[in-house]
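Chemist: Okay, sequence plus prediction incoming.
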Amino acid sequence: MQLEIKDLTKTYSNGVRALKGVSLTISQGMFGLLGPNGAGKSSLMRTIATLQEADSGSVRLTGLPEGTSIPGNSMPGDLDVLTQKDAVRRVLGYLPQEFGVYPRVTAETMLDHIATLKGIANSRERKNIVDGLLQKVNLYQVRKKNLGTYSGGMKQRFGIAQALIGSPRLIIVDEPTAGLDPAERNRFHNLLSEIGENTIVILSTHIVEDVTNLCSDMAIICLGEVVAAGNPNDLVSDLKGKIWQTFVEKSEIETYRQHHRVISTQLKGGKTRLHAYSDVPLGGFEPVVPDLEDVYFAKITEKMDVVTV
Ligand SMILES: Nc1ncnc2c1ncn2[C@@H]1O[C@H](COP(=O)(O)OP(=O)(O)OP(=O)(O)O)[C@@H](O)[C@H]1O
């Protein structure tokens, strides 16, 4: 199974070009989509989730197992995501960035309702599915509490439970860990990593560590364009020997930026740590082993100025 996105473009009515010809091939497993605020991640996610129209381009879900594509389709096992919306929704699980919950409804009732909407008509079957999901996301004990009483992390776990109803083949989670404390983030990561390997999971985030921990494949988008795509380890390897570090005063940053390709500046123990990109050693700098954050900043700064301190 693969999601094939080709030359996708989207310009909003206010003239903002949110997607400028995005092409990506996404296979089964966990795919990380990284990008700064306003990069176009949510625009891309909403388009794949059939919630908004693209201006041009194509999105195909190919190689679906028997029984999940629609009868009479000219290409059995394939779906045109932009036009066959109902069929896509049957195989889709979506956790949007802003996931509103009805505050006066219990988790159990809400999941049961969503399961009905997803076409699970038999009430015993629905109960089994809902109970199983509540156990999975560790909300079974609080299943009879109103959603309005849940913490941010509990709401996100509930969000994943509703996205998993109906055993989706394609799961989209849009910035799920923003605002979660470290323990809840870990819980959420563990949940995501348990989703079967025969599912495509797209995790859109601006938290590099989420991708480092979870994803075997990834892309970085910036200003509506793909600026890097591949295996995170390969992308990090490509930077070996090219990232240089020094510690500076905050007042010196601008001078360094004028003379070097500074990719990031970060406060570390009260001092400013500066990372620069260079194919050759830089005087006054020491070499560092690159990580995914260096990949992220090296790619993003090719397109835009990033002020990190
Ligand atoms: N409905 C809309 N109408 C007009 N402009 C929009 C709309 N939605 C998004 N935009 C603009 O399109 C660009 C891409 O936004 P998008 O929300 O897709 O980015 P993002 O990567 O998800 O950002 P964030 O991490 O801040 O959520 C931004 O400039 C944004 O202001």
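Modeler: Cool, got the structure. Residues are numbered from 1 along each chain as shown.
Chemist: Residues of the chain that sit close to the ligand?
Modeler: Applying C-beta under 6 Å from any ligand atom, we find that the chain lies next to the ligand at 12, 14, 16, 18, 35, 37-43, 97, 206. For every residue, glycine as well, the C-beta is placed using N, CA and C.
Chemist: Below-threshold pLDDT in the stretch 151-300 of the chain: ranges please.
Modeler: Scanning the stretch 151-300 of the chain with the threshold set as pLDDT under 70 gives no residue ranges.
Chemist: Quick one: the residues of the chain next to the ligand as a markdown table, columns for distance to residue 219 too.
Modeler: A markdown table is the format used below for the residues of the chain next to the ligand (distance: C-beta to C-beta, whole Å):
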| residue | distance to residue 219 |
| --- | --- |
| 12 | 22 |
| 14 | 26 |
| 16 | 21 |
| 18 | 16 |
| 35 | 8 |
| 37 | 17 |
| 38 | 16 |
| 39 | 11 |
| 40 | 11 |
| 41 | 10 |
| 42 | 15 |
| 43 | 14 |
| 97 | 18 |
| 206 | 13 |
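Chemist: Can you tell me the closest non-neighbouring residue to residue 10?
Modeler: residue 19 (4.2 Å; C-beta to C-beta, 6 or more residues apart in numbering).
Chemist: My read is that the one you found contacts residue 8, right?
Modeler: Yes: using C-beta atoms under 8 Å, residue 19 is in contact with residue 8, at 5.2 Å.
Chemist: re earlier: got a list of what the residue nearest to residue 10 touches?
Modeler: 8-10, 40, 43-44, 47, 54, 57, 224 (C-beta atoms under 8 Å, 6 or more residues apart in numbering).
Chemist: if we go to 10 Å?
Modeler: Contacts for residue 19 (C-beta atoms under 10 Å, 6 or more residues apart in numbering) come out as 5, 7-11, 39-40, 43-44, 47, 54-57, 221, 224-226.
Chemist: Same question for residue 279.
Modeler: Taking C-beta under 10 Å, 6+ apart, we find residue 279 in contact with 241-242.
Chemist: element containing the residue positioned nearest the centre of the chain, please.
Modeler: Compute the mean C-alpha point of the chain, and by C-alpha atoms, centre = their mean the closest residue is residue 204, 1.5 Å away. Using DSSP states H and E, residue 204 sits within strand 200-205.
Chemist: hmm, back to that, what about the residue nearest to the centre of the chain, distance to residue 301?
Modeler: Per C-beta to C-beta, to the nearest Å, residue 204 is found 21 Å from residue 301.
Chemist: Ok, residue 167 next?
Modeler: Going from residue 167 to residue 301 by C-beta to C-beta gives 41 Å.
Chemist: Please apply the same query to residue 141.
Modeler: 47 Å.
Chemist: the helices in the stretch 1-150 of the chain, which residues?
Modeler: 41-48, 85-90, 107-117, 123-136 (DSSP state H, counting those that start in this stretch).
Chemist: any idea of the angle the third one forms with helix 123-136?
Modeler: Between helix 107-117 and helix 123-136, the angle comes out at 130 degrees (axes from the mean of the first three to the mean of the last three C-alpha atoms, to 10 degrees).
Chemist: Helix 107-117 packs against which elements?
Modeler: Counting contacts by 3 or more C-beta pairs under 10 Å, 6 or more residues apart in numbering; DSSP states H and E, helix 107-117 packs against helix 123-136, helix 152-164.
Chemist: Same question for it: list its buried residues.
Modeler: 107-112, 114-115 (16 or more other C-beta atoms under 10 Å).
Chemist: circling back to that earlier point, report the buried members of the contacts of residue 19.
Modeler: By neighbour count, with 16+ other C-beta under 10 Å, the contacts of residue 19 hold 5, 8, 10, 39-40, 43-44, 47, 54, 57, 221, 224-226 as buried.
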